[in-house]
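J.: Predicted model, plus sequence, below.
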Amino acid sequence: MDKKVFVTHQLPGDRIHDLGQLCDMNVWMGPGLLPGGALAEELSECHGLLCLLTDQVDRPLLDSLPKLEFVSSMSAGVDHIDVAALTERGIPLGHTPGVLVDATANATFALMLSAARRVVEADRYIRQGNWRNDNAWSPEFFTGKDVSGATLGIIGLGAIGQAVATRAASFGMRVLACNRTEHNVPGVESVSLEELLLRSDFVSIHVPLNEETRNLMNADRIATMKPGAVLVNTARGGIVDETALAQALSSGDLYAAGIDVFAREPVEQDNPLLALPNVVVAPHIGSATMLTRARMADLAADNAIAALAGQPMPCCVNPEVYS
């Protein structure tokens, strides 16, 4: 009898069709995302789960799923999943690192440039008819912050952080980085987090969200940042204290911010960052190119296919389950 696998959303790519040939696959067809309370019911008789970063897989859910044998997430980060609980049960967890590096690095620079050059603010100015009404132009008209020749501080020098550093070099930026382990990257100066914040004109975050990094950019560290700096976050929302960031931006201590991720998603409309003109926001689209999302879906399916065959997943978060 085919093993049952539940997929929490329709996926792009080709490999999902191959997965469907190897199991009894049920796909949530919508509308919208799978409601949180429905996941346990859908998984009650399933041996495998292929999920998104919007699906919370916690210990109480796993306690109710004695048949579950593997989880594959179409995401690089896995902060939405209780990895320890899976490991205790000997359940492998697959994820999709690597394939989203360039897309996320490009999105980081898009936010950085947009925030520095006030692109969204200028777009809004024209669309609201203010340019025609004001007939304004002066040498200071919509002046922004220079990127070329500025100092970029990268928090987290993994694959995405290194890809951002490469792009920064093309803009003639000086690059500082802090990382938990030493990385010798040409053109990148390794410094402490405190020194990075004091010296950087732009700060970009590229660390995973875990207990060590949660609220890493708290009020004290935001206050340590160089006056007039720009903060960009395309990692995870819980890394930044959004209230403290909003206060620093509102007071003028920081120049601007580019934010792709929030502590609560979808972001609530009363989030103080949304009321500020010097914040460029996006709805967690760092990896959102058609090619990248298809590659992520294919890798997530490959992880599931390997698990069904009793083989190690190509990209496993907790490979110790195999020993």
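T.: On my side now, so go ahead. Keep in mind that what you see is a predicted model, and the values were worked out from it rather than measured.
J.: Can you find the helix or strand in this protein with the smallest mean pLDDT?
T.: When the helices and strands of the chain are compared on mean pLDDT, DSSP states H and E, helix 130-134 comes out lowest with a mean of 84.
J.: ok, and what's touching the helix or strand just after it?
T.: For helix 130-134, the following helix or strand on the C-terminal side (DSSP states H and E) is strand 151-155. With contact meaning Cβ atoms under 8 Å, 6 or more residues apart in numbering, strand 151-155 is reached by 161, 164-165, 168, 173-178, 188, 191, 193, 196-197, 199-207, 216. C-betas here are computed from N, CA, C, even on glycine.
J.: In PyMOL, select just the buried ones from those.
T.: Applied in PyMOL, the following selects the buried portion of the contacts of strand 151-155 according to 16 or more other Cβ atoms under 10 Å:
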select buried, resi 161+164+165+168+173+174+175+176+177+178+188+191+193+196+197+199+200+201+202+203+204+205+206+207+216
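J.: Now intersect the contacts of strand 151-155 with the helices, please.
T.: The helices, defined by DSSP state H, take in 161, 164-165, 168, 193, 196-197, 199 from the contacts of strand 151-155.
J.: Can you name the residues bridging to L152?
T.: V175, F202 (DSSP bridges).
J.: can you count the residues close to it?
T.: L152 is flanked by 27 other residues according to other Cβ atoms under 10 Å.
J.: mind giving me the domain ranges of this structure?
T.: Domain assignment for the chain, taken from automatic domain parsing, gives 4-99+290-322, 101-281.
J.: show me the contacts for S190.
T.: Contact analysis of S190 by Cβ under 8 Å, 6+ apart lists 157, 176-179, 182-183.
J.: Give me the residues contacting the least confident helix or strand of the chain.
T.: The contact list for helix 130-134, computed with Cβ under 8 Å, 6+ apart, reads 125, 136.
J.: what distance separates that helix from the centre of its chain?
T.: Distance, stretch centre to chain centre, for helix 130-134: 37 Å (Cα atoms, centre = their mean, to the nearest Å).
J.: And the most far-flung residue of the chain relative to its centre, what's its pLDDT?
T.: The outermost residue of the chain relative to its centre, with distances by Cα atoms, centre = their mean, is N135 at 40.2 Å. We have a pLDDT of 74 for N135.
J.: How much space separates it from G129?
T.: To G129, N135 is 11 Å away according to Cβ to Cβ, to the nearest Å.
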